[in-house]
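How does the following fold in three dimensions:
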Amino acid sequence: MSGQSETIDRFFSKGCDRRNQVSKLYFTRKGADRIYRRKLDLMDKLKATQGQKGEAAEVGGNVWHDNFTFEQLMRDEDMINAQIAEVNRKIGQMVVIDQPPESTDKLRIGHMALVSIEGELREYLVGGFEDSEPTASPPVISYLAPLIQPFIGKEEGHSVKIDVGGKRKQVTLERIRMPVEVV
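Numbers count the residues shown, from 1 in each chain. Okay, here's the model as predicted:
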């Protein structure tokens, strides 16, 4: 087993709580590709904004503090830079899960989770950080979602009370299985 796999197994064997979330963010390959595309899009947007800012400075003359367009573009540039910094922070904390572990003894990213919410069965594909496709078949839900988070690293039969739809309900992890298609 690789060092990265051992670290991931240690994380998930502890369960998923806020203390474990600080240093690492677990992404599926699809999620990692999505965040890299987001960074490229932001870089393109920044370049365009900076070009527009240069044009606005030329048109507005030397009194840039009275040039509303220039000032707005400066605010836009600051906002884009903050977004890029946030994406870079996430990339710095990224651990990519290419495939779920074959063992379904404990719930992990990439597994299918059948949960019972006070008797109503629902099945989800457990996704990585920021993965959410509620209309997909099966629905994809992030490992950090309140409905799934208490079950990460837990075995079938684990039961907890969770706020669902504004009401506290008993939720049980009924079954863990491998998906037909790997995330």
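
going forward, measure contacts between C-alpha atoms and count neighbours the same way
Fine.

Let me know the pLDDT of Asp76.
pLDDT for Asp76: 96.

just checking, next helix/strand downstream of the helix or strand encompassing it?
If you go by DSSP states H and E, Asp76 is part of helix 68-92. Remark: after helix 68-92, the chain's next helix or strand is strand 94-97, criterion DSSP H and E.

Summarise which helices and strands that following strand is packed against.
strand 25-28, helix 29-60 (3 or more Cα pairs under 8 Å, 6 or more residues apart in numbering; DSSP states H and E).

who touches the first one?
Applying Cα atoms under 8 Å, 6 or more residues apart in numbering, the external contacts of strand 25-28 come out as 90, 93-99, 109-110, 127-130, 183.

From those, list just the buried residues.
Buried by 16 or more other Cα atoms under 10 Å: 90, 93-97, 109-110, 127-130, 183, out of these.

Relative to Glu155, which of those residues is nearest.
Among the buried ones among the contacts of strand 25-28, Ile109 lies closest to Glu155 (Cα to Cα), at 13.7 Å.

Identify the residues contacting that closest one.
28, 97, 100, 126-128, 143 are the contacts of Ile109 under Cα under 8 Å, 6+ apart.

where in this structure is pLDDT low?
Within the chain, the stretches with pLDDT under 70 are 1-22, 60-65, 181-183.

mind checking how far Val171 is from Lys90?
30 Å (Cα to Cα, to the nearest Å).

and what of Ile117?
For Ile117 relative to Lys90 (Cα to Cα), the value is 32 Å.

repeat for Glu123
Counting by Cα to Cα, the gap from Glu123 to Lys90 is 28 Å.

Going by length in residues, pull out the top strand of this structure.
strand 167-177 (DSSP state E).

CA atoms only: put that one into CSV for me.
Taking C-alpha atoms only, strand 167-177 is exported to CSV below (Å, rounded to 0.1, in the frame of the first residue of the first chain):
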residue,chain,number,x,y,z
LYS,A,167,-36.1,18.1,11.5
ARG,A,168,-34.0,15.8,13.6
LYS,A,169,-34.2,12.3,12.1
GLN,A,170,-32.7,8.9,12.7
VAL,A,171,-30.5,7.9,9.8
THR,A,172,-28.8,4.5,9.4
LEU,A,173,-26.2,3.3,7.0
GLU,A,174,-27.9,0.2,5.6
ARG,A,175,-25.5,-0.9,2.9
ILE,A,176,-22.1,0.0,1.3
ARG,A,177,-21.3,-1.3,-2.1
